[in-house]
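Novice: prediction below, plus the sequence it came from.
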Amino acid sequence: MVEAADLTEAEREAISEVEDGAEWIHRAHGHLVEFHHAVGHAMDHFDDAEAALAEEHDGLAERLESEVLPAGLTEDGHLSYQLVAEFEEGFLATVEDVTDAAREELVDGERYVVESERHAAAGVVGKGGEP
């Protein structure tokens, strides 16, 4: 096991920052998935409104049906799930790859070496007796 003490100060800071950055990107991914679900729920409401307006307010119902319900969310027509997939297959995958490479090069592939050291110094013990 690699000890954080074996790292230079710059390496310790770098691996910690890379892991923190990756965590924030994963949080952003969660928000993007939440956005996708919220858009889907909104579309359900617009669909219900379109049905309710169809008989007496056909112009408004027609606009909902033609402009909102089938519409993409971006100028080029991407739907919310496509944005999620593009993020996952692009930037998120790149961040995970770079994070893995940093772990391999700096700490033999181990995760959270610096954070583990902080917990050990504070006397915090996790499951299995590890800091």
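Specialist: Sure thing, it's come through. Residues are numbered from 1 along each chain as shown.

Novice: spell out which helix or strand contains the residue of the chain positioned farthest from its centre, please.
Specialist: Most distant from the centre of the chain: residue 56, at 43.0 Å, with distances by C-alpha atoms, centre = their mean. Secondary structure assignment for residue 56, by DSSP states H and E: no helix or strand.

Novice: so for it, what's the pLDDT?
Specialist: Listed pLDDT for residue 56 reads 95.

Novice: swap in residue 128?
Specialist: 67.

Novice: before we move on, what about residue 5?
Specialist: pLDDT, residue 5: 68.

Novice: swap in residue 109?
Specialist: On pLDDT, residue 109 comes in at 92.

Novice: that one touches residue 103, doesn't it?
Specialist: Yes: in this structure, residue 109 is within contact of residue 103 by C-beta atoms under 8 Å, at 5.2 Å. (Glycine included, C-beta is placed from N, CA and C.)

Novice: and the two? which has more neighbours close in?
Specialist: Neighbour totals were compared for residue 109 and residue 103, and residue 103 leads with 20 against 12 (other C-beta atoms under 10 Å).

Novice: so what's residue 51 up against?
Specialist: Listed by C-beta atoms under 8 Å, 6 or more residues apart in numbering, the contact set of residue 51 reads residue 61.

Novice: what of the one 3 residues further on?
Specialist: Under the criterion of C-beta under 8 Å, 6+ apart, the contact partners of residue 54 comprise residue 61.

Novice: grab the nearest non-local neighbour of the residue positioned nearest the centre of the chain.
Specialist: The centre of the chain sits closest to residue 29, judged by C-alpha atoms, centre = their mean, with a distance of 1.3 Å. Nearest non-adjacent residue to residue 29, counting by C-beta to C-beta, 6 or more residues apart in numbering: residue 92, 5.6 Å away.
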